[in-house]
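only geometry, no sequence info:
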């Protein structure tokens, strides 16, 4: 090649200069566990289904959702949203309305009649599920999708368990409940109603495994001295009777004894049945109440009043006597000897429920403790092949926990039926708030769900909390920060001063020939999906 | 007409791309087929703000000119790290002559293109703050005064970094450089007027003057494209943090540029024919201390007994910018 005067070398490209050799730390893409999924008792992959919803791909989002939880429309109404409590966005402005989006997807699925197909080959194994509550139905859903034949037996005359007999219709309309249960049954699950199971061991002759999920629906009693004409009933019976035709007579003034979610449901139901006064009597203070904040707030809005630090001492016709309490240093309520009269036509006891474990009497290997059944991490009881979950095992008693038990037990039962060892799912490190670069997220206040006007809330059983429409649900989904996972924002691709990040198909790759390891991509990644690791030597 | 901001869509237009936006609303840098005018293998330090700013700006100019452009480079880091003989990192026609004559060379290239009847080929000159505010300043002022058809881009890292961090006319007060050591009763660079070239350029009443930082890509790309809509002399001043000279971690380059703007120390605005037409409002205001503290060149202001008096003087400068350029916006949602 002829070169100009005094030029001895032809033009070269700096591509020959592999600056990657300067690097002491290397960036790597990671996929961390977002706090929402970490907190979800049903183990939902929230970030993934929000990602789909962000693009308006609602059916994909719903399918990702039901892979973990078959009841999004129910969850979107009754779940206590531990995901939102854990949501990193709560530290930025307000938590993402995960529950609202879940409900939107669940309702959309019902409206558009999306169905689920069973793709797994039939295993030929048969599993009996005892109890058609959330845990049993969830287990049936997952076991069927894993290829097993499932029969559910329930002593009641309709499926749903506490979702039907414990949760009032103003929180969970029955058409929603029926639609989501029907979808589980449509997978090919056999449901046998009014069929109590009394001999679990005998059932093992007929079935390869049994999953017990009979719940806890026997109301705890407490002895309160009562005079003639005193009207005392328990909350479980009250709520259960709402499914029947005759509604209970509670009177104009109703006192509810207890501080849990059931107490709130009972008081709110009493208001709807015509009580002008519904008073919750609770031994401790509000911050020690087991009821969830949302329920307490909604009860207060509806005119339910609260008597903190009080116990019921005596019940008479038309009135109760309560004793004031004080908290001792250990936080336990202690009597003060001060009494007060309270007008009440009836007293509803909402002081907890026990599981009916009579069907396990005499079953070898089963261990009970504090009125519940002991199970291992794989939800198997001490008797091989008999598994248990939901309210009858030691755990928080919520629908979401029960659904989670159903899923985890189904996976353990599947492993057991296939003679494979039970392996706990591996989890990635948690995506904490400090891994995020929140500069890049648009300011976006949370969307508030519409609520029914108060007059109708205290006179009807219409649903209290409304859902989001498509545009607001989309907005809410897009408030997700995608903590710990790439969401294709191109920041790494853009901010690299060395052009060392490539777009390859639908993902990014780092060209380590040129990456100098400056860490700008890590610092400017909004979601903390890249990390720096020491370079291998 | 400011840069188009996209509201919401999760990350709106804050990020480079954003899959929720139509492709036309994404940045030039999000394009898998971007020009990569300054390609891999260049010898800039880790986390170099100037390498980043130059690729941002020239890629945007390449798109705006349909890749019909010539780049003229002053001597400086950018020239040295990109073209050690016989290598080049430039994927654009590129010429370098001397430290102080880039505006004059650009004038000549533009004149040559005109003579050749290639009015479609646009000229972009670029240099660091040393080549622009000090050494090339007479040529630059002449180019402005003649209104030659050149976009001049200054990548301002506030000192002569290539030769070992000597003070320039753009070095801010109190900053330590090799020639303004952090010793004596008034350590670091003196408080003075400095040389505010964007304002000097505006005084020439040239068609377009703007400032930008590497922390706001969309804004920078918009300003390059907007500048290309004018004929005549145009000036773009881009703040590009320098990990070496500022004594900051390589990964902090973009964050520091952001803090410079959010503290009010570096006002981001655009002006046409000598009048300001738009300013970028501060989104999350921070005290100047947040910007100064991570930088080694201000280390003498902190330590056991922080020099509150000097910090307050720097803060007063930021507050003055905020007043002068009206940098605060009361509507918070963006």
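Yep, it's here. Given the structure is predicted, the values throughout are model-derived calculations rather than measurements.

quick check: residues of the stretch 101-250 of chain B near chain A?
Near chain A, the residues belonging to the stretch 101-250 of chain B are B:217, B:243, B:249-250 when assessed by Cβ under 8 Å from any Cβ of the partner chain. To be clear about C-beta, it is placed using only N, CA and C from the backbone, and glycine gets the same treatment.

which other helices and strands contact the longest helix seen in chain B?
As assigned by DSSP state H, the longest helix anywhere in chain B is helix B:308-325. Judged by 3 or more Cβ pairs under 8 Å, 6 or more residues apart in numbering or on different chains; DSSP states H and E, helix B:308-325 is in contact with helix B:288-292.

list the buried residues for the helix it packs on?
B:288-289, B:291-292 (16 or more other Cβ atoms under 10 Å in any protein chain shown).

with the residues you listed in mind, which one is nearest to residue A:62?
Residue A:62 lies nearest to residue B:291 out of the buried residues of helix B:288-292, by Cβ to Cβ, at 46.3 Å.

with adjacent residues omitted, what lies nearest to that closest one?
Setting aside the residues directly before and after it, residue B:291 is nearest to residue B:259 in space (Cβ to Cβ, 6 or more residues apart in numbering or on different chains), at 3.9 Å.

setting aside sequence neighbours, what's the nearest residue to residue B:85?
residue A:9 (7.0 Å).

before we move on, the earlier item: now do the contacts for the residue nearest to residue B:291.
B:286, B:290-291 (Cβ atoms under 8 Å, 6 or more residues apart in numbering or on different chains).

any chance of the residues you listed in a markdown table, plus pLDDT?
Below are these laid out as a markdown table (pLDDT from 0 to 100):
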| residue | pLDDT |
| --- | --- |
| B:286 | 97 |
| B:290 | 97 |
| B:291 | 98 |
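
can you put these in JSON lines and add distance to residue A:348?
Below are these laid out as JSON lines (distance: Cβ to Cβ, whole Å):
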{"residue": "B:286", "distance to residue A:348": "56"}
{"residue": "B:290", "distance to residue A:348": "57"}
{"residue": "B:291", "distance to residue A:348": "62"}
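
state the pLDDT value of the residue in the stretch 151-300 of chain A that chain B sits nearest to.
Closest approach of the stretch 151-300 of chain A to chain B (Cβ to the nearest Cβ) occurs at residue A:294, with a separation of 26.2 Å. Looking at residue A:294, its pLDDT reads 87.

wait, it touches residue A:80, no?
Yes - judged on Cβ atoms under 8 Å, residue A:294 makes contact with residue A:80 at a distance of 7.1 Å.

who has more neighbours, the two?
residue A:80 (20 against 17; other Cβ atoms under 10 Å in any protein chain shown).

so what's the more buried one closest to, chain neighbours aside?
residue A:292 (4.7 Å).

number of nearby residues for the one you found?
18.

what does residue A:390 give?
32.

ramachandran coordinates for residue 253?
The chain I'm using is chain A. phi -120, psi 120 (degrees, to the nearest 10).

now it. Nearest residue, chain neighbours left out?
residue A:277 (4.4 Å).

residues in contact with the one you found?
Contacts of residue A:277 by Cβ under 8 Å, 6+ apart are A:252-254, A:305, A:343.

would you point out the most distant pair within those?
Going by Cβ to Cβ, the pair spanning those furthest: A:252 and A:305, at 14.1 Å.

which element is residue 224 on?
Using chain A here. Here residue A:224 sits in a region with no helix or strand, counting by DSSP states H and E.

oops, I was thinking of chain B
helix B:217-227.

give me the sheet partners of the following helix or strand past that helix and which way each runs.
Following helix B:217-227 in sequence order, the next helix or strand is strand B:234-239 (DSSP H and E). Using DSSP bridges, the strands paired with strand B:234-239 are strand B:150-156 (parallel), strand B:208-213 (parallel).

ok, which of those comes nearest residue A:476?
strand B:208-213 (32.4 Å).

average pLDDT across the closest one?
98.

that strand to helix B:217-227, inter-axis angle?
In terms of direction (axes from the mean of the first three to the mean of the last three Cα atoms, to 10 degrees), strand B:208-213 departs from helix B:217-227 by 160 degrees.

quick one, what contacts the nearest residue to residue B:65 once chain neighbours are set aside?
Nearest residue to residue B:65 in three dimensions, chain neighbours excluded: residue B:122, at 4.6 Å (Cβ to Cβ, 6+ apart). Taking Cβ under 8 Å, 6+ apart, we find residue B:122 in contact with B:61, B:65, B:68-70, B:149, B:151, B:228.

let's check: the centremost residue of the chain is which one?
Since no chain was named, I'll use chain A. Of all residues in chain A, the one closest to the mean position by Cα atoms, centre = their mean is residue A:400, 3.6 Å from it.

if you could check chain B rather than the one you did, that'd help
residue B:238 (1.0 Å).

check contacts around that one.
Taking Cβ under 8 Å, 6+ apart as the test, what residue B:238 contacts is B:53, B:57, B:153-156, B:211-214, B:220.

who's in contact with the residue lying closest to residue A:204 once chain neighbours are set aside?
Computed as Cβ to Cβ, 6+ apart, the closest residue to residue A:204 that is not its neighbour in sequence is residue A:385, at 5.5 Å. Each residue near residue A:385 by Cβ under 8 Å, 6+ apart is listed here: A:204, A:208-210, A:416.

same question for residue B:224.
Counting by Cβ under 8 Å, 6+ apart, residue B:224 has contacts B:57, B:60-61, B:64, B:151, B:153, B:236.

give me the neighbour count for residue B:167.
20.

sorry, that was for residue A:316
Neighbours of residue A:316 under the rule other Cβ under 10 Å: 16.

separation between it and chain B?
59 Å (Cβ to the nearest Cβ, to the nearest Å).

now residue A:16
For residue A:16 relative to chain B (Cβ to the nearest Cβ), the value is 7 Å.

ok, that residue touching residue B:87?
Yes - Residue A:16 is within contact range of residue B:87, at 6.6 Å (criterion: Cβ under 8 Å).

more crowded one of these two?
It is residue B:87, of residue A:16 and residue B:87, that has more neighbours when counted by other Cβ under 10 Å, with 18 against 9.

next, residue A:76: secondary structure please.
helix (DSSP: H, G, I helix; E, B strand; the rest coil).

not counting sequence-adjacent ones, nearest residue to it?
residue A:103 (2.3 Å).

which of the helices or strands spans that neighbour?
Per DSSP H and E: helix A:98-112 holds residue A:103.

again, but for residue A:278
strand A:277-281.

right, and residue B:74 touches residue B:131 too?
Yes - with contact defined as Cβ under 8 Å, residue B:74 and residue B:131 form a contacting pair (3.4 Å).

please enumerate the shared neighbours of the two.
Counting by Cβ under 8 Å, 6+ apart, the residues touching both residue B:74 and residue B:131 are B:99-100, B:102.

how about the residues you listed in CSV, adding neighbour count and distance to residue A:501?
Below are those laid out as CSV (neighbours: other Cβ atoms under 10 Å in any protein chain shown; distance: Cβ to Cβ, whole Å):
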residue, neighbour count, distance to residue A:501
B:99, 17, 33
B:100, 20, 36
B:102, 30, 31
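
any chance of those residues in TSV, plus distance to residue A:512?
Below are the shared contacts of residue B:74 and residue B:131 laid out as TSV (distance: Cβ to Cβ, whole Å):
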residue	distance to residue A:512
B:99	35
B:100	39
B:102	35
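
mind listing what the residue in chain B that chain A sits nearest to touches?
Proximity of chain B to chain A (Cβ to the nearest Cβ) peaks at residue B:17, 2.6 Å away. By Cβ under 8 Å, 6+ apart, the contact list for residue B:17 reads A:488-491, A:493-494, B:26-27, B:30.
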